[in-house]
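# Sequence and predicted structure below; questions after.
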Amino acid sequence: MTIYGGFKSSKIQAQRNCCCHLKRLSYTSSTMGKKSRVKTQKSGSGASAVVSPKEMMNLISELLQKCSSAAPSAGKEWEEYIQIRGLVEKIRKKQKGMSVVFEGIREDYFPDLMTWAQENGASCECFTIANFGDEGFGLRATRDIKAEELFLWIPRKMLMTVESAQNSVLGPLYSQDRILQAMGNVTLALHLLCERANPVSLWLPYIRSLPQEYDTPLYYQQDEVQLLLGTQAVQDVLNQYKNTARQYAYFYRLVQTHPAASKLPLKDSFTFDDYRWAVSSVMTRQNQIPTEDGSRVTLALIPLWDMCNHTNGLITTGYNLEDDRCECVALQDYKENEQIYIFYGTRSNAEFVIHNGFFFQDNSHDRVKIKLGVSKSERLYAMKAEVLARAGIPASCVFALHCNEPPISAQLLAFLRVFCMTEEELKDYLLGDHAINKIFTLGNSEFPVSWENEIKLWTFLETRAALLLKTYKTTSEEDRSMLEKPDLSLHSRVAIQLRLAEKQILEKAWASGRAKRLNFQKKLEEGAPLPRYEESDIALLENTNADAKLPIILRKLEEVEEDGEAMQMEEHSHLLNGEKVMYGTEASEEPVQDKTQEKVCKDANSPSDSLGNSKEKGQRDMADQSASRTEEIPKENSE
């Protein structure tokens, strides 16, 4: 997801008015944010057994065919995952010992990283790299740092970008392969692997400092993934694995057969573990920066800065076009020896787990998806669809239930009000006095359509939350008991934490719906007067020109259209807040989308492809991939 906007601080923006806003790319790995522990492998000594090229190619072809076949029918996704995983494990077994790894442990290379950074013009005076236990490695202040103080900058020449990939040994293949051209994230992953194999690479000090394993679901054992069954995250996790396997099989065959790949260092050794590592490295670190001429954005890996861990707050990183460097200011005051954090963005814990490899316990932006729609077979469908269209809301849409109060956004409130309207109420919002302006009150909790309408919508929410809670195989109490087990693996713990967090959000939504229902029933029984909408109330909204009052003000970043084509919320969130649009540089939270007609690129728009979406076009496909249990569409209006 990409968020456009300048620094939150007007003071900072005035000081560096050419800075472009940077936000940690959605895949914060086990080395960033609440990262998990990292294993460091010893250097491999060669394959454990001789595998003929023909035998390997046959396995690769089988994997590619399996991953490119039609999507399984509902309920068969887990079975498909088991089959794909079985093929991958066969390949991994035959490739044992072939992966390129570095001697020693990761922290051995941190001094070289700091020296290299300093020699290339980065700032290294205010911090050092330190181990923070469960959070993994991060930056520790070596002196007091004031909030909004510029403490870190990284010049462009240190960044690994799609452009540097085009100018590298990967360039000839990039120029001839449409998938690489469409998928900057995959390009970065292969660029990373090629440079890792180059003993004189400019980026070797950086590459050696990266973890050799991550805690993204790509590294989960099968029984650990199984703990996510029934959650909203599981479909994305299964798709992520499938798409990574498909991409690996495609590029393995390409590297072995394409003339433009003949000089790539991957030709003799390109294992699934290598690709999984590169994919996880990129999707946990990629970010958007402007190109040198500032005309568009490109993807980049930003050394040293990507060591910062996540906490709540505001985005404090940007790109300074004048000095051609990434810059980061302090999120808050830091004392000497304290850890320096940055804010990765308003991501749910499902996004953190799937794309970043950690669960953030104090996530005030956590949410679960809920897919709702007006049935086309309903008698009042046309009228409801028209009112919703005037409010800028699709008749079928993916919304979000929030972990805090209120549990629903303005857009979801507006949708539910329209969904529960009677025919007379619909006519009033289509043909009544001030009908056009009244559309803008649909998302405002202060102006109910009627007490009966409020009772209906909160009853609906209460019922839906209760039904969703019943789809889980365990209760919240059982999950809490499981988390108390001392021998629980890290990945199992994260999976159960995510499962429990979903239930807690649904429980809060149920409780809130019940409380609201009772409140409005009381108002109805007491005959309380309905708040009257006044023409002057429109001034409270975003625009003053009646013809320019776009209903987009109702939208929130986490709600997306069913087909993911019209509502790219996060990209517009700063616009909705009235902030200046600048370069968006949040970490890509979507996996790479395979935009090609090749069979390998089926399911291209799935948000669980392994790397991150194609940001060069500045778009985000947010098609809902939630578990089938959230895809029930209301069919009748309970009038």
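Arrived safely, thanks for sending.

# can you list the residues that contact stretch 478-493?
36-37, 215, 217, 219-221, 223-224, 227, 474, 496-497, 499-500, 503 (CB atoms under 8 Å, 6 or more residues apart in numbering). Every residue, glycine included, has its C-beta placed from N, CA and C.

# at 6 Å what do you get?
Ser36, Tyr220, Glu224, Leu227, Ile496, Arg499, Leu500 (CB atoms under 6 Å, 6 or more residues apart in numbering).

# Look up the closest residue to the second one, ignoring the ones flanking it.
Computed as CB to CB, 6 or more residues apart in numbering, the closest residue to Tyr220 that is not its neighbour in sequence is His491, at 4.9 Å.

# The stretch 101-250 of the chain: helices as residue ranges?
110-119, 162-166, 171-174, 178-182, 184-196, 204-209, 222-226, 234-257 (DSSP state H, counting those that start in this stretch).

# just the angle between the helix or strand that comes right after the longest one and helix 234-257, please?
Proceeding C-terminally, helix 234-257 gives way to helix 272-283 as the next helix or strand, assigned by DSSP states H and E. In this structure, helix 272-283 runs at an angle of 120 degrees to helix 234-257, with axes from the mean of the first three to the mean of the last three CA atoms, to 10 degrees as the basis.

# Averaged pLDDT, whatever helix or strand comes next after helix 272-283. What do you get?
Reading on from helix 272-283 to the C-terminus, the next helix or strand found by DSSP H and E is strand 287-290. Averaged over strand 287-290, pLDDT sits at 92.

# List the strands paired with strand 287-290, with their directions.
Sheet pairing for strand 287-290, assigned by DSSP bridges, gives strand 297-301 (antiparallel).

# Just the residues contacting stretch 382-390, thanks.
Taking CB under 6 Å, 6+ apart as the rule, stretch 382-390 contacts Val374, Ala395, Val418, Leu426, Tyr429, Ile439.

# Where helices are concerned, which of the residues you listed count?
Judged by DSSP state H, helices contain the following of the contacts of stretch 382-390: Val418, Leu426, Tyr429.

# Now which of those would you call buried?
Burial by neighbour count, 16 or more other CB atoms under 10 Å: within the ones in helices among the contacts of stretch 382-390 this picks out Val418, Leu426, Tyr429.

# can you tell which of the helices of the stretch 101-250 of the chain is closest to Ser73?
Shortest distance between Ser73 and the helices of the stretch 101-250 of the chain, using CB to CB, is found for helix 234-257: 13.6 Å.

# could you give the angle of the closest one to helix 184-196?
Using the same axes, to 10 degrees: helix 234-257 against helix 184-196 is 50 degrees.

# Who are the packing partners of helix 234-257?
helix 53-68, helix 77-94, helix 272-283 (3 or more CB pairs under 6 Å, 6 or more residues apart in numbering; DSSP states H and E).

# I'd like those helices laid out as TSV, including mean pLDDT, mean neighbour count and distance to Leu483.
What follows is these, written out as TSV (pLDDT from 0 to 100; neighbours: other CB atoms under 10 Å; distance: least, CB to CB, whole Å):
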stretch	mean pLDDT	mean neighbour count	distance to Leu483
helix 53-68	94	16	34
helix 77-94	96	16	23
helix 272-283	96	26	25
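
# These into CSV, with extra columns for distance to Asp366?
CSV is the format used below for those (distance: least, CB to CB, whole Å):
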stretch, distance to Asp366
helix 53-68, 31
helix 77-94, 24
helix 272-283, 20
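
# Of all those, which one is nearest Cys124?
Closest approach to Cys124 among the helices and strands packed on helix 234-257 is made by helix 272-283 (21.9 Å; CB to CB).

# between that closest one and helix 77-94, how big is the angle?
Using the same axes, to 10 degrees: helix 272-283 against helix 77-94 is 120 degrees.

# tell me which strands and helices helix 272-283 is in contact with?
Packing partners of helix 272-283 (3+ CB pairs under 6 Å, 6+ apart): helix 77-94, helix 184-196, helix 234-257.

# starting at the chain centroid, how far to the shortest one?
Once both centres are worked out by CA atoms, centre = their mean, to the nearest Å, helix 184-196 turns out to sit 20 Å from its chain's centre.

# swap in the first one?
From the chain centre to the centre of helix 77-94 is a distance of 25 Å (CA atoms, centre = their mean).

# and it, what other elements does it pack with?
helix 53-68, helix 234-257, helix 272-283.

# How about the shortest one?
Here helix 184-196 touches helix 162-166, helix 272-283, going by 3+ CB pairs under 6 Å, 6+ apart.

# how about it: buried residues?
For helix 184-196, burial by neighbour count (16+ other CB under 10 Å) applies to 184-196.

# okay, these in TSV with pLDDT and distance to Leu413 next?
Output for the buried residues of helix 184-196, formatted as TSV (pLDDT from 0 to 100; distance: CB to CB, whole Å):
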residue	pLDDT	distance to Leu413
Gly184	92	37
Asn185	93	36
Val186	95	40
Thr187	96	42
Leu188	97	40
Ala189	97	41
Leu190	97	46
His191	97	46
Leu192	97	45
Leu193	97	48
Cys194	96	51
Glu195	96	50
Arg196	95	50
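
# need these in TSV with distance to Thr317, can you?
TSV is the format used below for these (distance: CB to CB, whole Å):
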residue	distance to Thr317
Gly184	20
Asn185	19
Val186	24
Thr187	23
Leu188	19
Ala189	23
Leu190	26
His191	22
Leu192	21
Leu193	27
Cys194	27
Glu195	24
Arg196	26
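
# from these, which two are the most distant?
Gly184 and Arg196 (18.5 Å).

# which one of the contacts of stretch 478-493 is nearest Leu518?
Leu500 (27.0 Å).

# thinking Asn309 is in contact with Gly138, fair?
Yes. Counting by CB atoms under 6 Å, Asn309 does reach Gly138; the two are 4.3 Å apart.

# among the helices and strands packed on helix 234-257, which is nearest Glu338?
Across these, Glu338 has its closest neighbour in helix 272-283 (27.3 Å, CB to CB).

# quick check: angle from that closest one to helix 53-68?
50 degrees.

# Quick one: the strands in the stretch 451-600 of the chain, in order.
Secondary structure of the stretch 451-600 of the chain (DSSP state E, counting those that start in this stretch): strands located at 560-561.

# what about it, any weak spots by pLDDT?
Scanning the stretch 451-600 of the chain for pLDDT under 70 picks out 534-600.

# ok so, going back, of the helices and strands packed on helix 234-257, which is nearest Asn167?
Asn167 lies closest to helix 272-283 among the helices and strands packed on helix 234-257, at 18.1 Å (CB to CB).

# residues touching Asp112, list them.
Asp112 makes contact with Pro205 under the criterion CB under 6 Å, 6+ apart.

# And Ile342, how close does it get to Gln176?
38 Å (CB to CB, to the nearest Å).

# circling back: right, and out of the buried ones among the ones in helices among the contacts of stretch 382-390, which lies closest to Leu63?
Distances from Leu63 to those, taken by CB to CB, are shortest for Val418, at 46.9 Å.

# I appreciate the help and will end here.
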